[in-house]
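Novice: Task: produce atomic coordinates for the following.
(chains A and B)
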Amino acid sequence: AQKITQTQPGMFVQEKEAVTLDCTYDTSDPSYGLFWYKQPSSGEMIFLIYQGSYDQQNATEGRYSLNFQKARKSANLVISASQLGDSAMYFCAMREGGYNQGGKLIFGQGTELSVKP
Amino acid sequence: DGGITQSPKYLFRKEGQNVTLSCEQNLNHDAMYWYRQDPGQGLRLIYYSQIVNDFQKGDIAEGYSVSREKKESFPLTVTSAQKNPTAFYLCASSIDSGTHSNQPQHFGDGTRLSIL
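Specialist: Numbers count the residues shown, from 1 in each chain, chains lettered A, B, ... in the order given. Alright, predicted model coming up:
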């Protein structure tokens, strides 16, 4: 069963507008963390934002915010004021449980975002 | 600067040959990970290590081997048993693997492996 689902293979957004990238997850573990990474065409993975399962507030980091809806098991990434440099692949990932889980990340298939001038 | 260094950036493998991808980190992280990425896909876990001299298989370990003799180093060998090795390989590390669950994994720049 897919644990992380990103249903948007590709998205377009106009420069300076906001965009939401969807992510739904599936876990029975009460303790988990959700991460978003950006992967430019050069290939490196850049950490953007984190949301813990027990966090009461939605995470924010600069232009990035996370719309965390725990009951719906969704953790959508919102990018405000899009810039041309935001064009990249975006991955949602989940880490389950404690030490025995090994800290492994489970990744979604990714969403390719293109920002149009 | 602290970070993760992967080498080489590009690697070519002949049929029947084993090749080793290097991953070194100077972040003093306990945990290290190897992922495989196929075109247009997400990352899949090959092996991981939570501490020196210990490692566990991930979801797609067949045809791969690793060692963790030093905290800083986690090399990945792609053996001849791996029939479809062409992919982008990413190494990552994190400060630990459970207690500080909000700590992200930090990634190297990757190695692109192709079959000759």
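Novice: what residues does chain A put near chain B?
Specialist: A:4, A:31-33, A:35, A:37, A:42-45, A:47, A:50, A:52, A:91, A:93, A:95, A:97-110 (Cβ under 8 Å from any Cβ of the partner chain). Every residue, glycine included, has its C-beta placed from N, CA and C.
Novice: and stretch B:44-58, does that touch chain A?
Specialist: Yes - interface with chain A: stretch B:44-58 contributes B:Arg44, B:Leu45, B:Tyr48, B:Gln50, B:Gln56, B:Gly58 (Cβ under 8 Å from any Cβ).
Novice: contacts for that stretch?
Specialist: Residues outside stretch B:44-58 that contact it (Cβ atoms under 8 Å, 6 or more residues apart in numbering or on different chains): A:99, A:102-107, B:30-37, B:59-61, B:64, B:66-71, B:74, B:76, B:89, B:96-97.
Novice: Next: stretch A:67-81.
Specialist: A:13, A:16-27, A:34, A:36, A:48-49, A:51, A:53, A:55, A:58-59, A:63-66, A:86, A:90, A:92, A:113.
Novice: Now do the contacts for B:Gln17.
Specialist: By Cβ under 8 Å, 6+ apart, the neighbours of B:Gln17 are B:Ser80.
Novice: coming back round to it: which of the residues of chain A next to chain B fall within strands?
Specialist: Judged by DSSP state E, strands contain the following of these: A:4, A:32-33, A:35, A:37, A:47, A:50, A:52, A:91, A:93, A:95, A:106-107.
Novice: ok, and the most crowded of those residues?
Specialist: A:Arg95 (29 neighbours; other Cβ atoms under 10 Å in any protein chain shown).
Novice: And the residue nearest the centre of chain B?
Specialist: B:Trp34 (2.6 Å; Cα atoms, centre = their mean).
Novice: Each with direction, which strands does the host helix or strand of that residue pair with?
Specialist: Element membership for B:Trp34 (DSSP states H and E) is strand B:31-37. Paired neighbours of strand B:31-37 in the sheet (DSSP bridges): strand B:43-51 (antiparallel), strand B:87-94 (antiparallel).
Novice: wait, B:Tyr35 sits on B:Leu43?
Specialist: Yes - between B:Tyr35 and B:Leu43 there is a contact under Cβ atoms under 8 Å: 4.0 Å.
Novice: Out of the strands paired with strand B:31-37, flag the one nearest B:Pro8.
Specialist: Among the strands paired with strand B:31-37, strand B:87-94 comes nearest to B:Pro8, with 10.9 Å by Cβ to Cβ.
Novice: what sits up against the closest one?
Specialist: A:43, A:45, A:103, A:105, B:4, B:6, B:21, B:23, B:25, B:27, B:29-38, B:43, B:46, B:74, B:76, B:103-108, B:110-113.
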